[in-house]
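**Q** give me a 3D structure for the following:
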Amino acid sequence: MNLTRLCKFSTRSCLLSTRYLSTSSEYKVKGTAEFFDKQKVLGRPMSPHLTIYKPQLTSMLSISHRASGVGWGVLIYGGTVLTLMPGGFSHYVQLAEQFAPGMGIMVALKATLLLPLTYHTLNGFRHLAWDIGKGFKIAEVYKSGWSTVAVSVLVSLLIAIAL
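**A** Down below sits the predicted model:
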């Protein structure tokens, strides 16, 4: 049974309905094809590309927030997988302790693993402040951004030393 037929039998609206899918290369807005043809002739990209933008603190912090969230999720799922492996999580912790380098390197490694968590958490509080309408002026955004980075590094180092 095909998707269209299944959707017709559904009592709810089908999110996978095929009526919204374009099957041709035609644009819905008149003149769009001519616009893109002109842009191609002029050698312009389809949309502004990252290479034309100067990196800004706001964009870098936004990207870092997303990357730290993904990174922390990978670490959590990786730890979960380790619990399912033979010997469990504690076996792999003991294995890592056997091959552990000096104290300074261990603190640096722990801080590196903790940095995504501390940054993502503190930047999450920054986003919560934005949700209530605080800190939208450019100076406040930059001040809170640099503060978030500095406090994240400091907190991750302090936790790494304490562990």
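
**Q** contacts, neighbours, all on C-alpha from now
**A** OK.

**Q** now do the helix or strand hosting residue 80, average pLDDT.
**A** Assigned by DSSP states H and E, residue 80 belongs to helix 57-84. Averaged across helix 57-84, pLDDT comes to 88.

**Q** packing partners for it?
**A** Judged by 3 or more Cα pairs under 8 Å, 6 or more residues apart in numbering; DSSP states H and E, helix 57-84 is in contact with helix 88-98, helix 103-131, helix 138-162.

**Q** now that helix: buried residues?
**A** Buried residues in helix 57-84, defined by neighbour count with 16 or more other Cα atoms under 10 Å: 61, 64, 65, 68, 69, 71, 72, 82.

**Q** tell me how far that helix lies from the chain's centre.
**A** For helix 57-84, the separation from the chain centroid amounts to 7 Å (computed by Cα atoms, centre = their mean, to the nearest Å).

**Q** now do stretch 121-137
**A** The chain centroid and the centroid of stretch 121-137 are separated by 17 Å, computed with Cα atoms, centre = their mean.

**Q** what's it in contact with?
**A** 65, 141, 144, 148, 152 (Cα atoms under 8 Å, 6 or more residues apart in numbering).

**Q** report how many residues lie close to the closest residue to the first one other than its chain neighbours.
**A** Just to be clear, that refers to residue 65. Of all residues not flanking residue 65 in the chain, residue 120 sits nearest, at 5.7 Å (Cα to Cα, 6 or more residues apart in numbering). The tally of other residues near residue 120 (other Cα atoms under 10 Å) stands at 24.

**Q** need the contact list for residue 120.
**A** Residue 120 is in contact with 65, 68, 69, counting by Cα under 8 Å, 6+ apart.

**Q** just the pLDDT for the closest residue to residue 110 other than its chain neighbours.
**A** In this structure, residue 110 finds its nearest non-sequential neighbour in residue 160, 5.2 Å apart by Cα to Cα, 6+ apart. If you check residue 160, the pLDDT there is 92.

**Q** my read is that residue 160 contacts residue 111, right?
**A** Yes: taking contacts as Cα atoms under 8 Å, residue 160 lies within contact range of residue 111: 5.2 Å.

**Q** give me the contact list for stretch 100-114.
**A** Residues contacting stretch 100-114 (Cα under 8 Å, 6+ apart): 153, 156, 157, 159, 160, 161.
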